[in-house]
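Novice: 3D model of this:
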Amino acid sequence: MSLSYALCWLLPLPLLLPTPQYLKVRSYATAVEAHGMEYLHLPIIEMAAPSDALQAASVVDAVADRLLAGRTVVMHCKGGVGRAGMMAACMLVRLGVCTSPAEAIAVVRQHRRGAVESKRQEEFVAAYCSTFECRRRTMNAMAAATAPGSVQ
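Specialist: Just a heads-up that it's a prediction; the model follows:
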């Protein structure tokens, strides 16, 4: 299976990493796109959670759509533990693999010890789960209200 999608949770390279000139890579976007992959960048400060929860939720939705379409997704942050783990936990909830934040974080930690590093990241997963569950109930109620034969 070839990689078709790369998702990166990093601040711009100059802020966190020296430019990887020894690899002759000017940017992750350029390197990823050169291999025929789609690139999406969601900036999150190290050890923190996304500053824009709606933007993060839309990214989770977009990535879930790609996974459900059978595409391969690569998620990473500088260390591959905190931010990537947090978003992976949200993805597990979004895809219905896990039903609670604690379960999602535990599953991610089974595969990547120490994942979801900070209390703020754990709180974000919990907030995402609450928001996602609320969205799901609203969509189900709207679908039921507009279904043929429903009483309005």
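
Novice: output the lowest mean pLDDT helix or strand found in the protein.
Specialist: helix 13-16 (a mean of 37; mean pLDDT, DSSP states H and E).

Novice: next structured bit after that helix?
Specialist: Next along the chain after helix 13-16, taking DSSP states H and E as the criterion, comes helix 28-34.

Novice: which elements pack onto the helix or strand following that next one?
Specialist: Downstream of helix 28-34, the next assigned helix or strand under DSSP H and E is strand 38-41. Counting contacts by 3 or more Cβ pairs under 8 Å, 6 or more residues apart in numbering; DSSP states H and E, strand 38-41 is packed against strand 5-8, helix 28-34, helix 53-68. For glycine as for every other residue, the C-beta is placed from the backbone atoms N, C-alpha and C.

Novice: let me know the pLDDT of the spatially most central residue of the chain.
Specialist: Geometric centre of the chain, nearest residue: Met87, 3.6 Å, by Cα atoms, centre = their mean. In this model, Met87 is scored at 93, pLDDT.

Novice: from Ala62, how far off is it?
Specialist: When distance is defined by Cβ to Cβ, to the nearest Å, Met87 is 12 Å away from Ala62.

Novice: next one: Ala89
Specialist: Distance, Ala89 to Ala62, by Cβ to Cβ: 17 Å.

Novice: go on, Ala49?
Specialist: From Ala49 to Ala62 the distance is 18 Å (Cβ to Cβ).

Novice: just give me the neighbour total for the residue lying closest to Ala62 once chain neighbours are set aside.
Specialist: Of all residues not flanking Ala62 in the chain, Leu40 sits nearest, at 7.2 Å (Cβ to Cβ, 6 or more residues apart in numbering). The number of residues packed near Leu40 is 17, by other Cβ atoms under 10 Å.

Novice: can you check Pro148 too?
Specialist: Look at Pro148: counted by other Cβ under 10 Å, it has 4 neighbours.

Novice: repeat for Val97
Specialist: Using other Cβ under 10 Å, Val97 has 12 other residues around it.

Novice: tell me which element the closest residue to it other than its chain neighbours is part of?
Specialist: Residue nearest to Val97 in three dimensions, not counting chain neighbours: Val107, with 7.2 Å by Cβ to Cβ, 6+ apart. Using DSSP H and E, Val107 maps to helix 101-111.
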